[in-house]
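Asks: mind folding the following:
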Amino acid sequence: MRNIKSKEFRQRFRHNGRFFIGSNKVMQVALGSSASSEIHHAIFKASKVVYYAS
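Replies: A predicted model of the protein is given here:
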């Protein structure tokens, strides 16, 4: 069941989006932790709201 849902999700967004699975810390690093390390304008703000419990 879980695999079917993820396949449907990937199929839905394959032409106009990106989908990745990873830990919250990896996601924070990918988005950027500051304005100087972000990949797109102001996207580092999203990394601030990703919950990470150490």
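
Asks: okay, Ala46: pLDDT?
Replies: pLDDT, Ala46: 84.

Asks: OK, contacts around Ala30?
Replies: The contact partners of Ala30, taken as CB atoms under 8 Å, 6 or more residues apart in numbering, are Phe20, Gly22, Ile39. Every C-beta, even on glycine, is put in place using the N, C-alpha and C of the backbone.

Asks: nearest to Tyr51 among those?
Replies: Gly22 (13.8 Å; CB to CB).

Asks: for the closest one, which non-adjacent residue is spatially closest?
Replies: Ala30 (7.5 Å; CB to CB, 6 or more residues apart in numbering).

Asks: and the strand or helix carrying that neighbour, what's buried?
Replies: Using DSSP states H and E, Ala30 sits within helix 24-31. Across helix 24-31, burial judged by 16 or more other CB atoms under 10 Å covers Gln28, Leu31.

Asks: what's the mean pLDDT across that helix?
Replies: Averaged over helix 24-31, pLDDT sits at 84.

Asks: need the three-state assignment for Tyr16.
Replies: In this structure residue 16 is Asn, not Tyr. coil (DSSP: H, G, I helix; E, B strand; the rest coil).

Asks: neighbours around it, how many?
Replies: If you count neighbours by other CB atoms under 10 Å, Asn16 ends up with 6.

Asks: over to it: give its phi and psi.
Replies: The phi/psi pair for Asn16 (degrees, to the nearest 10) reads phi -130, psi 20.

Asks: so what touches the longest helix that the chain contains?
Replies: Under DSSP state H, the helix in the chain containing the largest number of residues is helix 2-13. Helix 2-13 has contacts (CB under 8 Å, 6+ apart) with Phe19.

Asks: can you pull the buried residues of that helix?
Replies: By neighbour count with 16+ other CB under 10 Å, helix 2-13 contains no buried residues.

Asks: export it to CSV, keeping only CA atoms.
Replies: Only the C-alpha atoms of helix 2-13 are listed here, as CSV (Å, rounded to 0.1, in the frame of the first residue of the first chain):
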residue,chain,number,x,y,z
ARG,A,2,2.8,2.4,0.9
ASN,A,3,4.7,1.8,-2.3
ILE,A,4,1.6,2.3,-4.4
LYS,A,5,0.9,5.7,-2.8
SER,A,6,4.5,6.8,-3.4
LYS,A,7,4.4,5.7,-7.0
GLU,A,8,1.2,7.6,-7.6
PHE,A,9,2.8,10.7,-6.0
ARG,A,10,6.0,10.5,-8.1
GLN,A,11,3.9,9.9,-11.3
ARG,A,12,1.8,13.0,-10.5
PHE,A,13,4.7,15.3,-10.1
